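Chemist: Build me a model:
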Amino acid sequence: MKTYKIRSLLFTFSLLLCSIFFNSCRKGPGPGGKGTMTGRIYEYNYNSEYTVIQGEYLKGDHDVFLQYDGENTYGEKTSIHYNGVFEFKYLLPGKYIVYTYSKDTLPATPFDIVILREVEIEKKESIDLGMIAVYDN
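Modeler: Now for the predicted structure:
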């Protein structure tokens, strides 16, 4: 009877350990996968009243942020290459928010605004977000 209790206790303990192990291995969005996300930042340069475009080009030296689903802060930050291209590599499947800052096109607003894209990556998927427009004066 003593052996039965010990085996029962060991079995219960093993089940508990297995459930903890398998639940801790479940990963959400973030680093550690084979997904990739790329895009380009395109800047429209306006006059101070935002009525005339004075130039448009691929923007360099600009920050882009990656926020993992359910997080309150960004998980990764990258600076744009001179040719306007950004890339986030080694992403696990899940939902992400890619965002950057831009001048507001309303002349009376002195604050930057957020330009964002919501994206979902599947296993080993590469996503091209295309052009993301920002504004300056």
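Chemist: from here on, contacts and neighbour counts on C-alpha atoms
Modeler: OK.
Chemist: low-scoring stretches of the protein, by residue?
Modeler: Applying pLDDT under 70 to the chain picks out residues 1-26, 107.
Chemist: just the strands in it please.
Modeler: 31-46, 53-58, 63-68, 76-79, 85-91, 94-103, 112-121, 126-136 (DSSP state E).
Chemist: what's the angle from the longest one to strand 85-91?
Modeler: What it means is strand 31-46. Angle of strand 31-46 versus strand 85-91, following axes from the mean of the first three to the mean of the last three C-alpha atoms, to 10 degrees, is 160 degrees.
Chemist: The last one now?
Modeler: With the same axes, to 10 degrees defining the directions, strand 126-136 sits at 140 degrees from strand 85-91.
Chemist: Would you mark the buried spots in strand 126-136?
Modeler: 126, 127, 129, 132, 133, 134, 135, 136 (16 or more other C-alpha atoms under 10 Å).
Chemist: I'm done for today, thanks for sticking with me.
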